[in-house]
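Asker: pasting the structure only:
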């Protein structure tokens, strides 16, 4: 399974756009990039998943360059409630039976 | 749908005691799993199940047992609690065996072993 590297922590202010970059240099052809969000005292929650180019949903956007060796989670106009840990995962589309979580990026949003 | 539910929310045990953490899901998901989360670390897989009657070990299975007698329930048993098992435990479920399917996590059980 491809290893991921992401910043340990980030700070932002309300209303700003936040971009969290994840490095996954040895991603395989059948791997997807998936992001989960975890609020304090809660279980992780799926945010977004993509394979290449750009994916957008009501919560976030995910940008994946052509070489797929990195990806960027973009949170538009964050609010205090976006304070959470964000996990980048590389997930094979087959031949795996578990998710591998790293330590994630702790995002703190200030007023 | 209640989603994934876990009981209890908090538990304190003494070393050597046994207990069962309950997990249930009402989404008819085939895949269920247990993770533990320790401070400063990501989630680590303990055990998982790909369907009723089928279970397998994850990364850190020692000291834990599981069974899957129904699709809905996936209890985690601590056989003889140790302080090293102090952690937050999360149960998760997914529609199929594909990990690209969304995994739904429960609210967690915070366990302290004295």
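Answerer: Everything's here; your move. Only a predicted model underlies this, so the values are computations on that prediction, with no experimental measurement involved.
Asker: Identify the bridge partners of residue A:62.
Answerer: Bridge pairing for residue A:62 (DSSP bridges) gives the partners residue A:55, residue A:73.
Asker: give the contact list for it.
Answerer: Contacts of residue A:62 were listed using C-beta atoms under 8 Å, 6 or more residues apart in numbering or on different chains, and they are A:33, A:35, A:48-50, A:54-56, A:71-74. Where you see a C-beta, it was placed from the backbone N, CA and C, and this is true even at glycine.
Asker: let's see it at 10 Å
Answerer: Residue A:62 makes contacts with A:22, A:33-35, A:47-51, A:53-56, A:71-74, A:88, as judged by C-beta atoms under 10 Å, 6 or more residues apart in numbering or on different chains.
Asker: Over to residue B:100?
Answerer: A:30-32, A:34, A:49, A:51, A:91-94, A:96, A:99, B:94.
Asker: ok, now residue A:50?
Answerer: Counted by C-beta under 10 Å, 6+ apart, residue A:50 has contacts A:32-35, A:56, A:61-64, A:68, A:71, A:73.
Asker: Ramachandran coordinates for residue B:81?
Answerer: The phi and psi torsions at residue B:81 (degrees, to the nearest 10) take the values phi -60, psi 140.
Asker: in chain A, what residue is nearest chain B?
Answerer: Across chain A, the shortest distance to chain B (C-beta to the nearest C-beta) belongs to residue A:43, at 2.9 Å.
Asker: returning to what we had before: so among the contacts of residue A:62, which ones count as buried?
Answerer: A:22, A:33-35, A:47-50, A:55, A:71-74, A:88 (16 or more other C-beta atoms under 10 Å in any protein chain shown).
Asker: Could you work out the most separated pair of the residues you listed?
Answerer: The distance between the two most remote of the buried ones among the contacts of residue A:62 (C-beta to C-beta) is 15.2 Å, for A:34 and A:74.
Asker: farthest pair in the contacts of residue B:100?
Answerer: A:51 and B:94 (18.5 Å).
Asker: ok, back up a step: using PyMOL, make a named selection holding only the buried ones among the contacts of residue B:100.
Answerer: This is how PyMOL selects the buried members of the contacts of residue B:100, with burial counted by 16+ other C-beta under 10 Å:
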select buried, (chain A and resi 31+32+34+49+91+92+96+99) or (chain B and resi 94)
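Asker: To which secondary structure element type does residue B:84 belong?
Answerer: With DSSP: H, G, I helix; E, B strand; the rest coil as the basis, residue B:84 sits in helix.
Asker: now residue B:99
Answerer: coil.
Asker: Which pLDDT value goes with it?
Answerer: With respect to pLDDT, residue B:99 has a value of 84.
Asker: Tell me who's in contact with it.
Answerer: So residue B:99 contacts A:32, A:34, A:89, A:91-100, B:31, B:33 (C-beta under 10 Å, 6+ apart).
Asker: Skipping adjacent residues, who's closest to it in space?
Answerer: residue A:91 (4.9 Å; C-beta to C-beta, 6 or more residues apart in numbering or on different chains).
Asker: got it, and residue B:77?
Answerer: Residue B:77 sits nearest to residue B:65 (C-beta to C-beta, 6+ apart), 4.4 Å away.
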